[in-house]
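Visitor: return atomic coordinates for the entry below.
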Amino acid sequence: MAKSGEKKGKKVSNPAFSKYKEFIASHPAYSGMPDLRYPDGRIQWETPSNRKSGEFKDSHDKRLQWWKNKAAEIGISTTEDKWISKVAKRIHPTGIRPCPVCGKELEIRYAYLSKRFIKRVHLLDFYNNDIEMTEITHILDFVTEFITEYKNHAIHTLPILLSCKEAPDIPKLSTLSEWLEWIDQKYIPLEPSMLGPGSMSNAPDRLDGFHYNRCCRKKTDKGRSDANLASYSKDRRAFENWSDGNWITANMLMGYIKSNPALRQEPCANFGDAHEHPLPCDADHIGPISLGFCHRPEFQLLCSPCNSAKNNRLYFSDVQHLIAVESTGETVTTWYATSVWNLCKNKVTNAETALRLSKIMRDNRNIALMLLSKFMTSGECLFLLSLLNLQYADYQYQIIPDSQEIYNHIVTVDFTYETSSLRYVTIQKRRKIRIAFESLSDYATKDNRNGFIYNSPTIEQLKSTIFDILSSVPQEYKILNSKLCSIISNPVISDNEIESFLNEVDYNKLLSLNEYVAAKEKLYEIMSLVAQELSNNWDSARYSREIEE
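Guide: Okay, here's the model as predicted:
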């Protein structure tokens, strides 16, 4: 039933869009707009052309004349093709518009992938369905991930992917920064058919000159279904599991393995066991990130069947290798898995006990993520941000030529790095933040009845101590925390708001903030107590029986 004062069948605008409407109605760019408000003060956002009677039956024609006057004012001829659309884009104060339905902010420019473009990518022989790609994927985000994943393959292919009648001459550029600058400054303004606008022009019917947003024009964004999200790059799982490790170099090595012709011919690590092992092999995390291991630049080559079969478990050989890597001084576990790994790794003597450790570490990870979700729902998002290792994105890495090593089907490379100021630094950070917090929000609400639950008075006291510590941060961090919590609490987390927020934060200062350092130490203590309990249950039926949970 419609609420009092609403017309039957009318939908209430998303809160973000309601705020946007007031911003537009009050902005000087739209000064003099005819019939701006109804007598009761409400904004007259729509003025359809089919009104036959009433006080505002001529509003559409009045506004059309306003748009013609505005065109003359800014030097656009009304005889030009799509003149009114050009005016709407030129005068828009931000170039960004929230969706009336879901609130997601999109650029009004032609900056999003078209179906045709996506189809072209899928036809590439080296593309493995591992980049987030929908009709609301920004072209600059796609190109950043595409080149990061596929290096020279991507760079040489971009002219073919971008080619269209609006842009017949695509330059041959050689670096990511050159491509991003050219696409942003030259390609997008051409309004190429390989891309689409974030909002469709609709002047003079709508006050701002735009109709629906791309995200909800079909009511649902099918591109973000569970099935499609599951096919995106493996770094997404690292973000979802709040994994430690240099995620930038790890992603680069994954892309290198996928795109290197010689590595695509390397056999599976399980080759010789009388099973079929089709090529090319995948880059397998030796220590699964779903168990709490780091997202590190070291991968084992496994064929797709073996990689799928391994899933989130450890081989006995994996445990042996990871212990050996640790002996060189390298960290292989994420902070929340370190204690349980240290207590249990030396109990592994065969395949069965390796599987037992996998089950224990899976429960440990579940407890850790439930713990982190508690801090999110309690409004301590800035502290959680300090756990995301965003600092790795501040550097531009390059794989050193001829540094590749393959030993026992395990691939490593060496890197050079330098401080980076490229735009994709922010692109990568905001994507990690969005995915990490969205997944944590989902985790907090999912049904975990089959997960191992452990708590104690000591753990509760430690949680209380952490909240006391966090309540004492300086006021400037309380303000930042409030802003971040507001962004994260939205049903659709805005990349634009995240980017704006990141411009206000000195992340390195965040990492060294005394209160955050102390709070993290208490988190270690909690996970140490959890680890001890899990280790004590090593021989319990939950972990020792052959049938998995």
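
Visitor: when you work out contacts or count neighbours from here on, use the C-alpha atoms and nothing else.
Guide: OK.

Visitor: partner residues bridging residue 105?
Guide: Legend: beta-bridge partners of residue 105 under DSSP bridges are residue 98.

Visitor: how much space between it and residue 41?
Guide: Going from residue 105 to residue 41 by Cα to Cα, to the nearest Å gives 26 Å.

Visitor: same question, residue 431
Guide: With Cα to Cα as the criterion, residue 431 and residue 41 are 40 Å apart.

Visitor: neighbour count for the two, which is higher?
Guide: For residue 431 versus residue 41, the count of surrounding residues by other Cα atoms under 10 Å is larger for residue 431: 16 against 8.

Visitor: which outside residues touch the host helix or strand of that one?
Guide: Secondary structure assigned from DSSP states H and E places residue 431 in helix 424-445. If you take Cα atoms under 8 Å, 6 or more residues apart in numbering as the criterion, helix 424-445 is touched by 141, 144, 236, 239-242, 369-370, 372-374, 376, 385, 388, 390, 393-395, 488, 493, 495, 498-499, 502.

Visitor: what do you get for stretch 330-348?
Guide: Outside stretch 330-348, the residues touching it (Cα under 8 Å, 6+ apart) are 243-245, 287, 291-294, 296, 316, 319, 322-323, 325-326, 353-354, 357, 361, 364-365, 368, 523-524, 527-528, 530-532, 534-535.

Visitor: list the buried residues of that stretch.
Guide: 331-341, 344-345, 348 (16 or more other Cα atoms under 10 Å).

Visitor: between the two ends of it, how far is it?
Guide: Stretch 330-348 has an end-to-end distance of 20 Å (criterion: Cα to Cα).

Visitor: middle-most residue in this protein, spatially?
Guide: Centroid-nearest residue in the chain: residue 431, 3.1 Å away (criterion: Cα atoms, centre = their mean).

Visitor: tell me which helix or strand of the chain sits lowest on mean pLDDT?
Guide: Within the chain, no helix or strand scores below helix 226-230, which has a mean of 37 by mean pLDDT, DSSP states H and E.

Visitor: show the subsequent helix or strand relative to that one.
Guide: helix 235-240.

Visitor: got a quick ChimeraX command for the buried subset of the contacts of helix 424-445?
Guide: To isolate the buried ones among the contacts of helix 424-445 in ChimeraX, judged by 16+ other Cα under 10 Å, type:
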select :141,144,236,239,240,241,242,369,370,372,373,374,376,385,388,390,393,394,395,488,493,495,498,502
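
Visitor: among the contacts of helix 424-445, which lie within helices?
Guide: Among the contacts of helix 424-445, the ones falling in helices (DSSP state H) are 141, 144, 236, 239-240, 369-370, 372-374, 376, 385, 488, 495, 498-499, 502.

Visitor: what's the local residue count around residue 108?
Guide: Around residue 108 there are 24 other residues, counting by other Cα under 10 Å.

Visitor: so it sits against residue 90, correct?
Guide: No. Using Cα atoms under 8 Å, residue 108 is not in contact with residue 90; the gap is 10.3 Å.

Visitor: gap between stretch 54-71 and the chain center?
Guide: 42 Å (Cα atoms, centre = their mean, to the nearest Å).

Visitor: go through that stretch and flag the buried ones.
Guide: Neighbour count says stretch 54-71 has 56, 58-64, 66-68, 70-71 buried, by 16+ other Cα under 10 Å.

Visitor: again, but for stretch 435-446
Guide: Neighbour counts over stretch 435-446 (16+ other Cα under 10 Å) mark 435, 436, 437, 438, 439, 440, 441, 443, 444 as buried.

Visitor: repeat that for stretch 74-90.
Guide: Within stretch 74-90, the residues that count as buried by 16+ other Cα under 10 Å are 76, 84, 85, 86, 87, 88, 89.

Visitor: end to end, how far does it reach?
Guide: Criterion Cα to Cα; first-to-last residue distance in stretch 74-90 is 9 Å.

Visitor: who touches it?
Guide: Contacts to stretch 74-90, defined as Cα under 8 Å, 6+ apart, come from residues 67-68, 70-72, 95, 108-109, 201-203, 208-210.

Visitor: off-centre distance for that stretch?
Guide: That offset, for stretch 74-90, works out to 35 Å (Cα atoms, centre = their mean).

Visitor: repeat for stretch 305-324
Guide: Relative to its chain's centre, stretch 305-324 lies at 27 Å (Cα atoms, centre = their mean).

Visitor: and what of stretch 191-198?
Guide: 22 Å.

Visitor: cool, stretch 490-502 as well?
Guide: 11 Å.

Visitor: got it, and stretch 26-45?
Guide: 37 Å.
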